[in-house]
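> here is my input; please provide its structure:
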Amino acid sequence: MAKTILTLFALALILGQTNAVMQCGTDVIPKVISCGGFVLGMAATPSQDCCVGLQSLAKVAAASQPDRKDICMCFKAAMKAAPVDYSKTKQLPELCNFTSPIPIEPNLDCSKVI
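Below you'll find the model as predicted:
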């Protein structure tokens, strides 16, 4: 778990160096890092911090198409870097009470996120 979180953090720092509106390393990953235990299959439920972070990102993504794409690209990169249990990621909107404008799936196509 520690190695996976370190990998996600390193990835976030690298992706955060782009000129995007939403910075992966500073705006996205810090809000969802607490979801790691759940999406990696080590926790039965997502933490409150995880849900609050996802709710916050969902509001930003719903309000801005450029931010939605930036968040999508960050999610896509993070999900490729870790052994994510997609059956758990698909439960997050219901468990955390939010509507995601970004589908949570293995072959995420951010060019289609409108």
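> my guess is V84 contacts F38, does it?
No: the pair V84 and F38 fails to qualify as a contact (Cβ atoms under 8 Å) at a distance of 10.1 Å. Heads up, the C-betas are built off the backbone N, CA and C, glycines and all.
> pLDDT of stretch 42-51, averaged?
The average pLDDT within stretch 42-51 is 97.
> so how far is it off the chain centroid?
Stretch 42-51 sits 13 Å away from the centroid of its parent chain (Cα atoms, centre = their mean, to the nearest Å).
> surely D49 and G37 touch.
No: counting by Cβ under 8 Å, D49 stays clear of G37, with 10.6 Å between them.
> who has more neighbours, these two?
With neighbours defined as other Cβ atoms under 10 Å, D49 and G37 compare such that G37 has more, 17 against 13.
> okay, and the more buried one sits in which element?
Element membership for G37, per DSSP states H and E: helix 36-39.
> with only the CA atoms kept, save that helix in CSV.
This file holds the C-alpha atoms of helix 36-39, laid out as CSV (Å, rounded to 0.1, in the frame of the first residue of the first chain):
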residue,chain,number,x,y,z
GLY,A,36,-6.6,4.4,-1.9
GLY,A,37,-7.5,1.9,0.8
PHE,A,38,-10.9,1.4,-0.7
VAL,A,39,-10.1,1.3,-4.4
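> C-terminal to that helix, what's the next element?
Moving toward the C-terminus from helix 36-39, the next helix or strand (DSSP H and E) is helix 48-63.
> now that following helix: buried residues?
Across helix 48-63, burial judged by 16 or more other Cβ atoms under 10 Å covers 50-51, 53-55, 57-58, 60-61.
> chain center to stretch 61-70: distance?
Offset of stretch 61-70 from its chain centre (Cα atoms, centre = their mean): 13 Å.
> list the contacts of that stretch.
20-24, 28, 60, 71-72, 99-102, 110, 113-114 (Cβ atoms under 8 Å, 6 or more residues apart in numbering).
> got a quick PyMOL command for the buried subset of those?
In PyMOL, this line selects whichever of these come out buried by 16+ other Cβ under 10 Å:
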select buried, resi 20+22+23+24+28+60+71+72+100+101+102+110+113
